[in-house]
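J.: Sequence unavailable; structure follows:
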Ligand SMILES: [Zn+2]
């Protein structure tokens, strides 16, 4: 699922709930539930291979899309903070991003950590992928719904 959607969801949670622990926990959890909704992220990541072996071969397209996705996510966090001036919105938006940001750890020594790889496999296996038309329509619909609820 695009980071944009995770960030908006976390922001929404922070707008409605005002306990920092609750907002962080709920936003983190929301990430995994959203990833279970059929979606399409594009890219050329070999998920089957990763789920089986824990070895990631990430193609150029996936890297570029991930970088763009992350930049949009970070900008959106700043924007939400500017709009709402709320530490709850900020905390929720940031926490909702963490499960995906954590994937960058694969570029470090963490790559050899069994628990870390198990986490990545868990994250990878819960993803529900759809064909691009259906997957994109779903993501656009969720984004619009979140924008309507937030603003
Ligand atoms: Zn994710």
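T.: Yes, it's here. Worth saying up front: this structure is predicted, and the values here are computed from it rather than measured.

J.: pLDDT value on residue 44, please?
T.: pLDDT, residue 44: 84.

J.: On the three-state scheme, it is what?
T.: Put simply, residue 44 is coil when judged by DSSP: H, G, I helix; E, B strand; the rest coil.

J.: For it, grab the count of nearby residues.
T.: When neighbours are defined as other CB atoms under 10 Å, residue 44 has 12 of them. For the C-beta atoms, the positions are set from N, CA and C on the backbone; glycine is no exception.

J.: That one - nearest residue in space that isn't next to it in sequence?
T.: residue 59 (3.5 Å; CB to CB, 6 or more residues apart in numbering).

J.: same deal with residue 98?
T.: residue 28 (6.4 Å).

J.: repeat for residue 26
T.: residue 13 (5.0 Å).

J.: quick revisit: show me the residues around the residue nearest to residue 44 that make contact.
T.: For residue 59, the contacting residues are 43, 44, 45, by CB atoms under 8 Å, 6 or more residues apart in numbering.

J.: circling back to that earlier point, so the residue nearest to residue 98 is in which element?
T.: In this structure, residue 28 sits in helix 20-35 according to DSSP states H and E.

J.: what about that helix, distance to the chain center?
T.: Centroid separation between helix 20-35 and its chain, computed with CA atoms, centre = their mean, to the nearest Å, is 11 Å.

J.: Please verify my assumption that residue 47 contacts residue 128.
T.: No. Applying CB atoms under 8 Å as the test, residue 47 and residue 128 come out as separate, 11.4 Å apart.

J.: Give me the contact list for the longest helix anywhere in the chain.
T.: Longest helix of the chain, by residue count under DSSP state H: helix 60-84. Helix 60-84 is contacted by residues 2-4, 6-8, 11, 14-15, 41-45, 58, 89-90, 93-94, 97, 100-101, 103, 151 when judged by CB under 8 Å, 6+ apart.

J.: Could you rerun that using 10 Å?
T.: 1-8, 10-12, 14-15, 41-46, 56, 58-59, 86-87, 89-90, 92-94, 96-97, 100-101, 103-104, 150-151 (CB atoms under 10 Å, 6 or more residues apart in numbering).

J.: filter these to the buried ones?
T.: 1-8, 10-12, 14-15, 41, 43, 45, 56, 58, 86, 89-90, 92-94, 96-97, 100, 103, 150 (16 or more other CB atoms under 10 Å).
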